[in-house]
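Undergrad: pasting the structure only:
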């Protein structure tokens with residue numbers, strides 16, 4: 001199927017998911033969230049370059065993201081399992097970026113590390129309160145990993161790749177704030193808009209590599 005039509009189907013599925021969130025339609029949520037990611041993976045696989053090292057790692061990362069989505073959707077709390085799945089997805093994205101990246105600025109690395117430390121210490125009380133001290137290390141590792149992913153994306157020289165990494169970074173930052181600091185209205189909607197956009201851009205970036 002033509003790339004444009006798959007993209008339109010992805011947009012319709014993602015909008016349907018957001019509507020299902022608003023209406024609290026559990027069955028629709030369970031169907032439309034993985035369906036949207038499946039369509040995004042389809043976009044990635046439709047690119048001729050998906051067999052390149054970059055493409056393979058992106059596709060694997062998308063698949064682990066689906067696993068993370070499924071864990072976070074379960075009625076029982078599977079936050080740790082979801083965190084691990086997305087941690088592996090980010091490792092895959094980093095490996096993809098390493099196949100293409102130039103040398104990112106050390107200054108930006110320092111800035112991202114400072115932001116990561118500050119954000120971690122803001123989240124720390126909420127993490128302990130909601131999930132216990134055992135979650136401190138996994139969350140710290142996750143923050144460090146997604147910061148590294150964003151830094152690596154800066155060295156690609158492709159706006160679509162940097163935008164994908166930045167949107168994922170913002171999505172996870174908002175998700176963590178909403179979960180561990182202060183829930184806010186439309187927080188989950190914002191998280192999902194940035195999340196789907198990031199994954200879509202990662203899939204599309206294979207076309208340019």
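TA: Structure's in. What do you need? All values reported here derive from a predicted model rather than from experimental measurement.
Undergrad: buried set for the helix ranked longest in the chain?
TA: Longest helix in the chain, counting residues (DSSP state H): helix 106-131. Buried positions in helix 106-131, judged by neighbour count with 16 or more other C-beta atoms under 10 Å: 109, 112, 116, 119-120, 123-124, 126-127, 131. The C-beta positions use only the backbone N, C-alpha and C, and glycine is treated the same way.
Undergrad: which of these sits closest to residue 163?
TA: residue 112 (16.2 Å; C-beta to C-beta).
Undergrad: check contacts around the closest one.
TA: For residue 112, the contact set (C-beta atoms under 8 Å, 6 or more residues apart in numbering) comprises 147, 150-151.
Undergrad: re the thing from before, and which of the buried residues of helix 106-131 is nearest to residue 180?
TA: residue 126 (3.2 Å).
Undergrad: counting neighbours, what do you get for the closest residue in space to the closest one that isn't next to it in sequence?
TA: Distances taken as C-beta to C-beta, 6 or more residues apart in numbering place residue 180 nearest to residue 126, at 3.2 Å, with adjacent residues excluded. Neighbourhood size, residue 180 [other C-beta atoms under 10 Å]: 20.
Undergrad: now do the spatially most central residue of the chain against residue 26, distance only.
TA: With distances taken as C-alpha atoms, centre = their mean, residue 168 lies nearest the centre of the chain, 4.4 Å away. Computed as C-beta to C-beta, to the nearest Å, the residue 168 to residue 26 distance reads 26 Å.
Undergrad: next one: residue 102
TA: Counting by C-beta to C-beta, the separation of residue 102 from residue 26 is 46 Å.
Undergrad: pull the contacting residues for residue 18.
TA: 189, 192-193.
Undergrad: now do residue 193
TA: Contacts of residue 193 by C-beta under 8 Å, 6+ apart are residue 18.
Undergrad: so which bits of the helix or strand containing it are buried?
TA: If you go by DSSP states H and E, residue 193 is part of helix 187-205. Neighbour-count burial for helix 187-205, counted by 16+ other C-beta under 10 Å, picks out 188, 190-205.
Undergrad: still on that earlier bit, residue 127 versus the residue nearest to the residue nearest to the centre of the chain when sequence neighbours are not counted, what's the distance?
TA: In this structure, residue 168 finds its nearest non-sequential neighbour in residue 198, 3.9 Å apart by C-beta to C-beta, 6+ apart. Residue 198 sits 23 Å away from residue 127, going by C-beta to C-beta.
Undergrad: can you list the buried residues in stretch 80-87?
TA: Using 16+ other C-beta under 10 Å as the test for burial, stretch 80-87 gives 82-87.
Undergrad: do the same with stretch 68-78
TA: For stretch 68-78, by 16+ other C-beta under 10 Å, it's 68-72, 78.
Undergrad: also stretch 48-61?
TA: Taking 16+ other C-beta under 10 Å as the criterion, stretch 48-61 shows 49-50, 52, 54-61 as buried.
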